[in-house]
Every structure is written in structure tokens, then in C-alpha cells.
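> Structure, please.
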Amino acid sequence: MSEVRTYQNLSKLVTRIRDDLNDKELVLLYAFNRTGKTRLSMDFKGRGKQRNRGRADTLYFNAFTEDLFTWENDLENDAERGLKVNYLSKFFDGFTNLGLEPTIDDYLSRYADFGFDFKYREVQQGNEAFTKPYFVSFTKDGQENIKISRGEECIFIWCTFMAICERVLDGHESYKWVKYIYIDDPISSLDDNNAIAVTCDLAKLIRRATNRKRDDGSSNPIKVVVSSHHSLFFNVMCNEIARAKEDEPKVRHKRYFLHRLNSEGKYSLRSTEDTPFFHHVASLSELQMAADPETGTLYTFHFNALRSIMEKTSAFFGHTDISFCLKALDNEDNRALFNRALNLLSHGSYSIFEPTPMGDDNKALFRQILNDFITSFQFDLPNILGDTTTQANPS
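Just a heads-up that it's a prediction; the model follows:
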């Protein structure tokens, strides 16, 4: 059993991750939604500013990065549609004289088939004036100022970030301050094909970052943290980083399952290096804790989660729907009851962001379905909390 360590708050967790990066080049974190990954990335960034008298040391990609771009529909003229750019951010410093557009276009052409055009203006910052982008419009098939989808927005912003990372690794003056790159959920709006392509490209960039050298040949890595709730992304990333590359040293890394312990503000890290990572098995363990009558809390969206796990299990065994899982149950009456319940209760618009507690009858039914399913398929569930949890930094 991998050791599980518990941390009293995000600050203690940040200390652990930064300590890991003293002798590793990369930390990979898998965590479910609503765990606090975005807040963790911001606390990690904030710790760097505390240590460096207000000077940042972390280039990050997360929901805040995406907020630097705001869609404008031009309702008045219905002509100039595109993304407004918050040019005051240090994120855009390199646009002044680096010519990032060709690199952005190189990445974007791998995932999408639309073009873009930045507009610039002179910006006064302190006693100096800089030319920075303030707007970007999009084209396709000869048509200008097109509306792009939310997924296309996300991939464009991601490609912009990757182009900036390239300049960081080149050691350009505009980004000399970057010692760490922190990436949180880069592919939340992508289909699986693009998710794999993005992951492979990111893995190449991480290898380059962690193996970076000075002109004299000495090691000068950029340390990297990547967190995600996307199981496919996480698995592909682990495989790409673990794979030996000719004439390249291995990337020294740690990978963890990050879990928030109920609503107490405490967190646990479980190393996944020695344990194959199975997303739906870890999800089952999460559901089992939620279903605990004494310590757990069941919400209506948990029926959606259970049905999703059954669908993944059925697909793993080569079947098309959850009837395969239900047929494995011993009691015929229960099979019919569970089928009706899952069909009815897993198709509501139950949001994890506005959770509604289950009624007592549904709680009992959910626990029965979950227990029979786990017993029938003999899952060896990971003990997320650990039998002998190591208490780290209890203060």
C-alpha cells in the first residue's frame, strides 16, 4: 500500500510540492473536480511572491489565465467579434518584441482549422511604453470576425500559453523570472483526440523544460507542476513521461492522487508510482466514502457518477451499456429495481456545483446498488485515506 500523507491546509500542501521540486523536476497531480486544484495553483504562485519580495517565480495556466481573454460579440455593430485581451498582465510581456504569432499558429494548426489576428496598441507601464495586444479576431475559409466555440477559445488560449512557454525555455529576457510552470486542467473542453495530441505535445515541452541546460552545459531546469481531473490526460501524461527517450535523461518526477477530506479543509496525497492508475476504481472509492452512513454525505449527482462508472466497466468488458453490470447481480428482483432506479435517477440535471442531498429512501437504494456492484465485480478499491495515515505538518 502506498503511503498516504495528510495536510491540514493548502499552505502545507504547497510546502510539500515545492519541497518535492527541490530534488524532482515534475509533480503530476490527479484530483476530482471541486478538490481545490485552482486554489492550489494560485497558492503555489503566491508562495513564490512571498519568498521573492513580491516578485513572481511561477508562470501558470488555469481558470484565471483563461479569464485574461474575454469574448466580445460587438452587439452594436455586429462586425468586430473576437477576444479582448487583458494586456496589463505579465503574461503578455513577450508579445512586445518576440513575434509569438508564428509559434501560436504552429501549435493551433495541429488541433484546429481557424486563423487569428492580434491587434496591438501602445501601453504605458510606469515610465515606459510597450506595444501589447489588446484584441484578437478569428478567420476561417476566407470569412473574417467569425464566432468560435468555447472549445476553440480554450484551445487558442492554450496554444498562446504553449508559445510563451517556448520563449521561457529559450531564456528570453521577458520571461527570465520564470522558475516554475504550473498547469491546471489544460484540456477541460477538448474531445479525446485533441486531448491526446495536447498531452503528447505538453510532454515534449516538459521534457525540454526539465532537461534545460545553460550555455556551459550545466543543468538549468524549469520545474513543472501539472494537475488535472481528466483521467485520459493524466494516464497519457504518466505514460509519456515514464517512457525512456533515446539520448535523454529520465524526467525525475512524483505523481499523486490528491484528495480533499470531506469539507474540513484537509488534503491527502497518495503516491501512484507503484500502483496502476484506474480512474473509475478511484471514483468508486470516493463514492464508497460518500455512502458511509456515519461520515459520508450523498447527493443526487452521485447516481450520475455511479452510472458513469458502470458504463466504463461495461465498456472495459466489451459491452455497450450497463445491463452487463446489472446481469452480474445475483438477485433478479434487484436487477430490475436497480435498472429502473439508475435510468430514472441518473438522468436528472444534477449539478456537482449546486449539490442536492438525497432523500433517505434514495440513500438506502444507492448504498444497496453500490455495495452489490462492488461485491459482484470484486473491486480492490484504493484506500484513499490509508489505514495508517501519516500525519504531515499537523500545525
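
> Within the helices and strands, which one has the residue nearest to residue 291 when sequence neighbours are not counted?
Excluding its sequence neighbours, the residue lying closest to residue 291 (CB to CB, 6 or more residues apart in numbering) is residue 367, at 5.0 Å. Every residue, glycine included, has its C-beta placed from N, CA and C. Assessed by DSSP states H and E, residue 367 sits inside helix 360-377.

> Also residue 17?
helix 10-23.

> Output the contacting helices and strands for the next helix or strand after that helix.
Sequence-wise, the next helix or strand downstream of helix 10-23 (DSSP H and E) is strand 26-30. For strand 26-30, the packing partners by 3 or more CB pairs under 8 Å, 6 or more residues apart in numbering; DSSP states H and E come out as helix 10-23, strand 223-228, helix 231-242, strand 253-261.

> Out of these, which is the most enclosed?
strand 223-228 (a mean of 24; mean count of other CB atoms under 10 Å).

> if we can go back for a sec, quick one: the helix holding residue 17 to strand 253-261, angle?
For helix 10-23 against strand 253-261, the angle by axes from the mean of the first three to the mean of the last three CA atoms, to 10 degrees is 170 degrees.

> Report the rounded mean pLDDT for helix 10-23.
The average pLDDT within helix 10-23 is 96.

> The stretch 1-150 of the chain: strands as residue ranges?
With strands called from DSSP state E, counting those that start in this stretch, the stretch 1-150 of the chain shows them at 4-7, 26-30, 58-61, 69-72, 82-85, 115-125, 128-139.

> buried sites along the last one?
Neighbour counts using 16 or more other CB atoms under 10 Å place 130, 132, 133, 135, 136, 137, 138 of strand 128-139 among the buried residues.

> Residue 117 versus residue 82, what's the distance?
Residue 82 is 8 Å from residue 117, where distance means CB to CB, to the nearest Å.

> Common neighbours of these two, please.
Jointly contacting residue 82 and residue 117 under the rule CB atoms under 8 Å, 6 or more residues apart in numbering are 136, 137, 138.

> ok, the residues you listed vs residue 258, which is closest?
Checking these against residue 258 by CB to CB gives residue 136 as the nearest, at 33.8 Å.

> show me what contacts the closest one?
Contacts for residue 136 (CB under 8 Å, 6+ apart) come out as 69, 82, 83, 85, 116, 117, 118, 119, 156.

> thinking again about what came up before, more neighbours, residue 82 and residue 117?
residue 82 (24 against 13; other CB atoms under 10 Å).

> Now do the same contact list for the closest residue to that one other than its chain neighbours.
Of all residues not flanking residue 82 in the chain, residue 137 sits nearest, at 3.7 Å (CB to CB, 6+ apart). Applying CB under 8 Å, 6+ apart to residue 137 gives the contacts 80, 81, 82, 116, 117, 119, 144, 145.

> Please indicate which of those are buried?
Buried members of those, counted by 16+ other CB under 10 Å: 81, 82, 116.

> Between the strands of the stretch 1-150 of the chain, which one is closest to residue 92.
Short answer: strand 128-139, nearest of those by CB to CB, at 5.4 Å.

> now the helix or strand following that closest one and strand 128-139, what's the angle there?
Toward the C-terminus, strand 128-139 is succeeded by helix 150-170 as the next helix or strand (DSSP H and E). Taking the same axes, to 10 degrees, one finds that helix 150-170 is oriented at 140 degrees with respect to strand 128-139.

> Report all helices and strands that helix 150-170 contacts.
When contacts are defined as 3+ CB pairs under 8 Å, 6+ apart, helix 150-170 sits against strand 58-61, helix 63-66, strand 69-72, helix 101-111, strand 128-139, helix 192-210.

> Show me the shaky parts of the stretch 201-350 of the chain.
Scanning the stretch 201-350 of the chain for pLDDT under 70 picks out the ranges 262-264, 273-282, 316, 320, 329-335, 343-350.

> again, only using 90
214-215, 217, 229-250, 257, 259-266, 268, 270-290, 292, 294-350 (pLDDT under 90).

> TSV please, covering the helices and strands packed on strand 26-30 and showing distance to residue 53.
Formatted as TSV, these follow (distance: least, CB to CB, whole Å):
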stretch	distance to residue 53
helix 10-23	17
strand 223-228	20
helix 231-242	33
strand 253-261	29
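
> And residue 65, how far from residue 233?
Separation of residue 65 from residue 233 (CB to CB): 17 Å.

> Just the buried positions in stretch 79-89, please.
81, 82, 83, 85, 87.

> wait, what's in contact with the closest residue to residue 199 other than its chain neighbours?
Closest residue to residue 199 apart from its sequence neighbours, by CB to CB, 6+ apart: residue 236 at 4.3 Å. Applying CB under 8 Å, 6+ apart to residue 236 gives the contacts 195, 196, 199, 200, 203.

> could you show me where the strands are in the stretch 251-395 of the chain, in order?
Defined through DSSP E, counting those that start in this stretch, the strands belonging to the stretch 251-395 of the chain, from first to last, are 253-261, 266-271, 390-391.

> Listing request: residues of the stretch 51-200 of the chain with sub-threshold pLDDT.
74-80, 88-99, 110-112, 122-132, 150-151, 154, 171-174, 185-200.
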